[in-house]
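> Got a predicted structure here, sequence first:
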Amino acid sequence: MAAFNSTAEAKRAAMAHTLFNVVGAAILIPLFLPVVIPLAKAAFPSYASNIPAPMAAVHTFFNVATTLVFLPFVGRFARLVERIVPAKSKETPKLTVLDPRINRSPAIALDQVSREISFMASSDADLLDRIRKILAGDGDDADEAHIVKREDILDKVQREISAFIGTVMTGRLSSLESERARSLLRLADEFESISDVAPAILKTVRRMRDNNLEMSGYSKSAILSVHDRVAAFAGSVSTALKAEGSSILTADFSPITAESSAIRQFIRETRQRQLSRLGGGGDGAPMRVLIELDILSAYEHIRACYENVAETLAGGKKRETAAGR
């Protein structure tokens, strides 16, 4: 019953569980009186004064025996379940654990969304780590494939979150729940935007590689310095997301603003230094410098997205404080 209106995979799991119990019971019922009960009485002679122990033993015996019966036929059993519950031709597998059946409880539904947002934040942190490896020359094909695949996953997760929140907001929500839903929607959008930047930087690096260009030691050091400052800022914001009581998201938003502004200025100065090398020949070749400027622009976009995330979190805390008053 719990699998009604769910995906084909969920219905198959429910069907397999049901068949397992029904078939197991049908096999063991004929053996219950002549075999199972005598064995239970022999193993627990004082069962009349301690009924839970033999009951637990019989239940365990049932599950173990049924499992041993099914093990040799797992493949055939799976095909039978797939035949009974065919996949819908237009059904696409979900990437989130968001359950549309709980939208009648907005608080629980939004908590589910919050966990998916945390997944997106962790995934973006992983993407930043892999991009740094590639920029430093330590990345490999597996890192590049992971970046492309994870960006596609986060894009789909963001769409599922948007659709889910849209469904939740059609119900009756308090003003605080409505504000939280909108904040989560914005967070999902910001983290998805961050994930878009990683493959964009990868494409830029590949473009440099295809043109037989290589960053100079100075340029690599400058870009990695930008990366590290942006990644540290991202880490602080992501930590605040996981720990809602973080001290950096108090009513005073100025520390976050100050750090973000400092990073923006640092990126701007790095861009100016790179621009000053244009036309100088050697490592100042126009193609190389323009590609490096594209990478710096990508980090500026990441910084702005994390500032938006922090601003959204701080706004949420202010609303909760006001509601508490």
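Structure's in. What do you need? Numbers count the residues shown, from 1 in each chain.

> what helix or strand does the most centrally placed residue in the chain sit in?
The centroid of the chain falls nearest to residue 119 when counting by Cα atoms, centre = their mean (2.8 Å). Secondary structure from DSSP states H and E places residue 119 in helix 106-136.

> Off-centre distance for the following helix or strand past that helix?
Note on helix 106-136: by DSSP H and E, the next helix or strand toward the C-terminus is helix 141-168. Centroid separation for helix 141-168 versus its chain: 8 Å, with Cα atoms, centre = their mean, to the nearest Å.

> by contact count, what packs against helix 141-168?
The contact analysis (3 or more Cβ pairs under 8 Å, 6 or more residues apart in numbering; DSSP states H and E) places helix 141-168 against helix 106-136, helix 175-210. Heads up, the C-betas are built off the backbone N, CA and C, glycines and all.

> follow-up on the earlier one: count the residues that sit near the closest residue to the residue nearest to the centre of the chain other than its chain neighbours.
Nearest non-adjacent residue to residue 119, counting by Cβ to Cβ, 6 or more residues apart in numbering: residue 157, 7.2 Å away. Residues within reach of residue 157, counting by other Cβ atoms under 10 Å, total 23.

> mind checking how far residue 157 is from residue 134?
Between residue 157 and residue 134 the computed distance is 23 Å (Cβ to Cβ, to the nearest Å).

> for this structure, which helix is longest?
Counting by DSSP state H, the longest helix found in the chain is helix 286-324.

> For the stretch 151-300 of the chain, give me the ranges with low pLDDT.
243-253, 279-284 (pLDDT under 70).

> Try it again at 50.
245-251 (pLDDT under 50).

> Now do the buried residues in the helix or strand harbouring residue 270.
Per DSSP H and E: residue 270 is located in helix 254-275. The neighbour-count check on helix 254-275 (16 or more other Cβ atoms under 10 Å) flags 256, 259-260, 263, 266-267, 270-271, 274 as buried.

> That helix - contacts with which helices or strands?
helix 217-242, helix 286-324.

> end to end, how far does stretch 274-292 reach?
Stretch 274-292 has its terminal residues 8 Å apart, counting by Cα to Cα, to the nearest Å.

> Kindly report the same for stretch 136-145.
17 Å.

> Helix 286-324 and the helix holding residue 270, what's the angle between them?
Counting by axes from the mean of the first three to the mean of the last three Cα atoms, to 10 degrees, helix 254-275 points 170 degrees away from the direction of helix 286-324.

> contact partners of helix 254-275?
The set of residues external to helix 254-275 that reach it, using Cβ atoms under 8 Å, 6 or more residues apart in numbering, is 219, 222-223, 225-226, 229-230, 233, 236-237, 248-249, 289, 292-293, 296-297, 299-300, 303-304, 306-307, 310-311, 314.

> Now the buried members of the residues you listed.
With burial judged by 16+ other Cβ under 10 Å, the buried subset of these is 219, 222-223, 226, 229-230, 233, 236-237, 248-249, 289, 292-293, 296, 299-300, 303-304, 306-307, 310-311, 314.

> Residue 227 - how many residues pack around it?
21.

> quick one: contacts for it?
Residues near residue 227 by Cβ under 8 Å, 6+ apart: 128, 131-132, 135, 299.

> what about residue 20, helix or strand, and which?
helix 8-31.

> List the buried residues in that helix.
10-16, 20, 24, 28.

> Check stretch 155-170 too.
Across stretch 155-170, burial judged by 16+ other Cβ under 10 Å covers 157-158, 160-162, 164-165, 168-169.

> Please identify which of those is nearest to residue 145.
residue 157 (18.5 Å; Cβ to Cβ).

> Make sure that closest one is actually in contact with residue 121.
No: here residue 157 lies out of contact with residue 121, judged by Cβ atoms under 8 Å, at a distance of 11.5 Å.

> how about the closest residue to residue 191 other than its chain neighbours, what does it touch?
Among residues not flanking residue 191 along the chain, residue 120 sits closest, at 3.9 Å (Cβ to Cβ, 6+ apart). The contact partners of residue 120, taken as Cβ under 8 Å, 6+ apart, are 154, 157-158, 187-188, 191-192, 195.

> ok, so what distance separates residue 120 from residue 225?
On the measure of Cβ to Cβ, residue 120 and residue 225 end up 26 Å apart.

> quick check: mean pLDDT across stretch 31-38?
If you average the pLDDT over stretch 31-38, you get 81.

> tell me which residues of that stretch are tucked away?
Across stretch 31-38, burial judged by 16+ other Cβ under 10 Å covers residue 36.
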